[in-house]
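S.K.: Could you look at this predicted model? Sequence included:
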Amino acid sequence: MKSGIFIDRDGTLIREVNFLHKPEQVVLTPGIQHAIRRANKLNLPVIVVSNQSGVGRGLFTSKDVDLVHNHISDLLAGDDAHIDGYFFCPHLPPGADNDSPDCTCRKPNPGMFQAAAGTFEIDFESSVMIGDKSLDIEAGRNLNMKTILVETGYGRKSLSESELLKPSFVCNNASTAIHFFLDSYETTLS
């Protein structure tokens, strides 16, 4: 079992665009390529976990989500970095019309994380969840991971609106968060 980096997509890995579904809408957050490349060199899986309710709402398709992920991969490849796996939940949130009451994948549920952990043999307790919403932090905490809230996307709003939100750490963006986690990880290797 090994450590892994779980990262939210919209507002964390890439700039927040409401219901983003076109590759040309993708803008990587500052410095993310270098941070991911560093994780890649340490052989730590970098896994994107993303709620994509726009699929369930009929705003776009799973194929559109895949095209966006392929574009993210292409952008990262230009800097010799890569995402090891993309996992997304297409279901509506609880309480929405036609929601999926049996959904186990929508964050903060563990489905996407468990699928990734099985594929990449990841140990949750030595891993991190990085995101900009309380759902990201809750998901990570539910699995005993370290959690880092980023101040990009909805991060500042999430932090100011929730007294219950207790991330392990807060960082200004995903690049800083990954480097912070990797600094700690490399210390444990010494």
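M.R.: Yes, it's here.

S.K.: lowest-pLDDT helix or strand in the protein?
M.R.: Ranked by mean pLDDT, DSSP states H and E, the weakest helix or strand in the chain is helix 155-161, scoring a mean of 81.

S.K.: tell me which residues in that helix are buried?
M.R.: For helix 155-161, the neighbour count (16 or more other C-beta atoms under 10 Å) marks 155, 158-159 as buried. For the C-beta atoms, the positions are set from N, CA and C on the backbone; glycine is no exception.

S.K.: other SSEs contacting it?
M.R.: strand 146-150 (3 or more C-beta pairs under 8 Å, 6 or more residues apart in numbering; DSSP states H and E).

S.K.: neighbouring strands for the strand it packs on, and are they parallel or not?
M.R.: strand 128-131 (parallel), strand 169-171 (parallel) (DSSP bridges).

S.K.: deepest of these, which one?
M.R.: The highest mean neighbour count among the strands paired with strand 146-150, using mean count of other C-beta atoms under 10 Å, belongs to strand 128-131: a mean of 30.

S.K.: then it to CSV, C-alphas only?
M.R.: The C-alpha trace of strand 128-131 is given here as CSV (Å, rounded to 0.1, in the frame of the first residue of the first chain):
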residue,chain,number,x,y,z
VAL,A,128,-4.2,13.5,1.3
MET,A,129,-7.4,15.0,-0.1
ILE,A,130,-7.1,18.5,-1.6
GLY,A,131,-10.2,20.5,-2.5
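
S.K.: Give me the contact list for that strand.
M.R.: 3-8, 11-12, 49, 136-137, 139-140, 143, 145-150, 168, 174, 177-178, 181 (C-beta atoms under 8 Å, 6 or more residues apart in numbering).
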